[in-house]
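In: Structure for this input, please:
(chains A and B)
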Protein chains: 2
Amino acid sequence: MDTTTAPLTRADCLALDAADPLAGFRGRFELPDGVVYLDGNSLGALPRGAAERAQEVVTAEWGRGLIRSWNTAGWFGLPRTLGDKLSRLIGGAPGETVVTDTTSLNLFKALAAAIRIQQQDAPARRVIVTERDNFPTDIYIAEGIADFLNSVAEHTGTRYEVRLVDDSLPLGEALDEDSAVVSLSHVNYRTGAMWDLAGVTARAHAAGALMIWDLAHSAGAVPVDLNGAGADFAVGCTYKYLNGGPGAPAFIWVSPRHQDRFWQPLSGWWSHAAPFAMADSYSAAPDIRRFLCGTQPVTSLALVETGLDVALEADMALVREKSLALTDLFIRLVEERCAEHPLRLVTPREQAARGSHVSFRHPEGYAVMSAVIARGVIGDYREPEVLRFGITPLYVGYADVWDAVEVLRDVLDSKAWDAPEHRTRHAVT
Amino acid sequence: MDTTTAPLTRADCLALDAADPLAGFRGRFELPDGVVYLDGNSLGALPRGAAERAQEVVTAEWGRGLIRSWNTAGWFGLPRTLGDKLSRLIGGAPGETVVTDTTSLNLFKALAAAIRIQQQDAPARRVIVTERDNFPTDIYIAEGIADFLNSVAEHTGTRYEVRLVDDSLPLGEALDEDSAVVSLSHVNYRTGAMWDLAGVTARAHAAGALMIWDLAHSAGAVPVDLNGAGADFAVGCTYKYLNGGPGAPAFIWVSPRHQDRFWQPLSGWWSHAAPFAMADSYSAAPDIRRFLCGTQPVTSLALVETGLDVALEADMALVREKSLALTDLFIRLVEERCAEHPLRLVTPREQAARGSHVSFRHPEGYAVMSAVIARGVIGDYREPEVLRFGITPLYVGYADVWDAVEVLRDVLDSKAWDAPEHRTRHAVT
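Out: Sure thing, here's the model as predicted:
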């Protein structure tokens, strides 16, 4: 069935769900009754088995195994064993990824590594190119590193600089002989717009810059081929489309080109060549462990595996196909059924330019989303005015999209959003 | 009973346990049968209630609350709510501590903040003074920050330098007009030797340096009064004497003197003044949140509270009193009952110079500890040749110490350690 133009009813959606080759994955997740969950791009749902795994880690591994579990339960190796699994979802090879720390911290490591490589190869390059519309932490971390390097040393060369790509400064114009590194989010957290990973990497390289990708909104959601694109570094998180649990440790990937030469200043003992030799000076591990730092939060880290194992069972081509069908359907239904309301699509209509969520602006976006959530359709709100709906093909179906749009339509038609409880702001993550 | 000189039997130890005002805390922890656990200074035991809390976080808060739990379950505020509790154990006030990230990362933040303050106040000070015998990550992180600052900028001033205090360079000689910051572990991870927190802080300040304390082996184990000592920054971990769980997030404290002016380069969105405004440039929060960075591992973080709540119920003066009695007893029993074996005490005999663990060197230390562990007495081994026994007064008693020394004696007398399974090395954390 063509979901972009053909007439459609809820029964049609149920038929599509019945024919969905990924339908069986829905049962792999614990989802509360009465909820359509369209925020898996912020916090993925609970995979079945994760609660049991948490009990095992806490009661058996911590409680009974105690300190021995660092070895016997494989805790010490988790960043690499999980990293090897994750590599398969992003076009990496074993030994190129670790799961550790947070996306912000991993981005700091990747930026520092890129800056250090350029300092050796092309020391005049001191500009970090990123995007004004990037997820803010990506900008703040770039500012932090530049500010640190500029403030504590009297440079005889040029200062480090963060250059923000936006409508007035397209990427092509931002790249020049000063560019050290380009740091972009593959899929934009707000709009869902997706960069051409291979094409932009090639443009960065042609300009002499290194390329860092933030895959927070793409790992597990869209096909990613880092080695195919020849990227330099990548970071991302495990708690969105990979369903690793709230705030679960993030990942960082390094190209095999840099494996033996990259360096980063968060050089804690887990990145040492021989951490238990207790040497009194630093010697970096000869591999991806250089991106580790300190002792990891084992309970949160161990739960990442449950989500990864589910993701690895799914055919990513089917995931992408369903994601595009559902986002197409969502856009079409909203535009058909909420046409008289001031909604403006901010997500690209072109499939190749879109990740796996759909966003609309509405002048009362915050209150509208609050009212929609109160009726059991959980999307989220992002400044400014943006209603964001995440499509996670492993546990969201066609009828869910239908029902969500019906709730949105009803909230708009009835002006249910125009109530104090929906207009009052509090933090939304 | 005087445990330092009077004759002693196991029955005497049981009598001491019966009279122990802290004896009731033993029942607050789940400890496996047949084990004497003397490694709580590496990974603290499982407090009762932690497994139930883990289930609640995973099943109810993540599984049913989903994204809403960032607000409704208080996830977003955890670093500060836990930090306020932890402050009470280290002589801090509310608003001075956050629980976040790892000890290594927090040390990087504290060092960067100290360097930045000195860059403004006394820019010629570029030496980080630490200790050759410090826990290695503390040295490596200092090297990492100095190396980063030195390598990516052409300094017109002096280079950043890590200066290691050791037998050939006492602290007094290491401090001079170049010293920017002194970074020491309050209690040494290997020997258990304890610095005079207030005295050393005063010496650092007299020399014009700022003072950072690593409290990994002292928070929850010995009385700590950071504000009383006038320290500048402190870091430490929650998974040792605070029983927060394997690799649980660490803490960082800042003196109220620096609250409104410190800065650190790991400036992720959680440290922003308005993280959800999604501003395209960084503006630091006006308080301790400046030491936050990215999204925290909620499951591991939430479990910290269970251990903290137990620790806060205990009278720290009683904890210290019992710790000293048990470490005295351990030293005395080993020296009496293992006198013919080549054991050498590396922990200070003077009570005021000692934390809460006892270490002996033995030429076959690794194999000896392996054999001791195989008999159910869990201590650990640290290079070089060091047998380390952690005394956690909340769940270790006098008879435990008696039994542990008996096992050690038997392993040494019988040469049970001289077997392939004990001589074969593998990583011990």
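
In: Just checking the distance from the helix or strand containing residue A:307 to the centre of its chain.
Out: Under the criterion of DSSP states H and E, residue A:307 resides in helix A:298-313. Computed by C-alpha atoms, centre = their mean, to the nearest Å, the separation of helix A:298-313 from the middle of its chain amounts to 15 Å.

In: and it, what other elements does it pack with?
Out: Here helix A:298-313 touches strand A:46-47, helix A:50-55, helix A:78-87, helix B:298-313, going by 3 or more C-beta pairs under 8 Å, 6 or more residues apart in numbering or on different chains; DSSP states H and E. In short, each C-beta sits where N, CA and C put it, glycine included.

In: in stretch A:84-103, what counts as buried?
Out: A:84-87, A:89-92, A:95-103 (16 or more other C-beta atoms under 10 Å in any protein chain shown).

In: same deal with stretch A:399-411?
Out: A:399-409, A:411.

In: Could you look up the SS state of the residue nearest to the spatial centre of chain A?
Out: Compute the mean C-alpha point of chain A, and by C-alpha atoms, centre = their mean the closest residue is residue A:216, 1.1 Å away. Under DSSP: H, G, I helix; E, B strand; the rest coil, the three-state class of residue A:216 is coil.

In: correct me, but it touches residue A:240?
Out: Yes: in this structure, residue A:216 is within contact of residue A:240 by C-beta atoms under 8 Å, at 6.3 Å.

In: show me the contacts for the residue nearest to the centre of chain A.
Out: Going by C-beta atoms under 8 Å, 6 or more residues apart in numbering or on different chains, residue A:216 touches A:103, A:135, A:185, A:187, A:189, A:235-237, A:240.

In: Angles on the backbone of it, please.
Out: Residue A:216 adopts backbone torsions of phi -50, psi -40, taken as degrees, to the nearest 10.

In: Low-confidence ranges, the stretch 51-200 of chain A, go.
Out: Across the stretch 51-200 of chain A, the ranges flagged by pLDDT under 70 are A:153-156.

In: can you give me the strands for it?
Out: Here the stretch 51-200 of chain A has its strands, by DSSP state E, counting those that start in this stretch, at A:97-99, A:127-131, A:161-165, A:179-185.

In: Identify whichever of the ones you listed lies nearest to chain B.
Out: Of all the strands of the stretch 51-200 of chain A, it is strand A:161-165 that lies closest to chain B, at 6.7 Å by C-beta to the nearest C-beta.

In: Strand A:127-131 and the closest one, what's the angle between them?
Out: Angle of strand A:161-165 versus strand A:127-131, following axes from the mean of the first three to the mean of the last three C-alpha atoms, to 10 degrees, is 30 degrees.

In: anything in strand A:161-165 near chain B?
Out: Yes: using C-beta under 8 Å from any C-beta of the partner chain, we find that strand A:161-165 touches chain B at residue A:164.

In: Tell me which other helices or strands that strand touches.
Out: Going by 3+ C-beta pairs under 8 Å, 6+ apart, strand A:161-165 lies up against strand A:127-131, helix A:136-151, helix A:171-174.

In: can you list contacts of the longest one?
Out: With C-beta under 8 Å, 6+ apart as the test, helix A:136-151 has contacts from A:103-104, A:107-108, A:111-112, A:115, A:128, A:130, A:132, A:159-162, A:164, A:183, A:185, A:214, B:112, B:116, B:119, B:148-149, B:152-153, B:264-269, B:271-272, B:275, B:278-282, B:294.

In: and if we set it to 6 Å?
Out: A:104, A:107-108, A:111, A:128, A:130, A:159-160, A:162, A:214, B:152, B:265, B:267-269, B:278, B:280, B:282 (C-beta atoms under 6 Å, 6 or more residues apart in numbering or on different chains).

In: got the CA positions of that helix in CSV?
Out: What follows is helix A:136-151, C-alpha atoms only, in CSV (Å, rounded to 0.1, in the frame of the first residue of the first chain):
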residue,chain,number,x,y,z
PRO,A,136,23.6,22.7,22.0
THR,A,137,26.0,20.5,23.9
ASP,A,138,27.9,20.0,20.7
ILE,A,139,28.5,23.7,20.4
TYR,A,140,29.2,24.2,24.1
ILE,A,141,31.8,21.5,24.2
ALA,A,142,33.5,23.0,21.1
GLU,A,143,33.4,26.4,22.8
GLY,A,144,34.8,24.9,26.0
ILE,A,145,37.8,23.4,24.3
ALA,A,146,38.6,26.5,22.3
ASP,A,147,38.2,28.7,25.3
PHE,A,148,40.4,26.5,27.4
LEU,A,149,43.2,26.5,24.8
ASN,A,150,42.9,30.2,24.2
SER,A,151,42.7,31.3,27.8
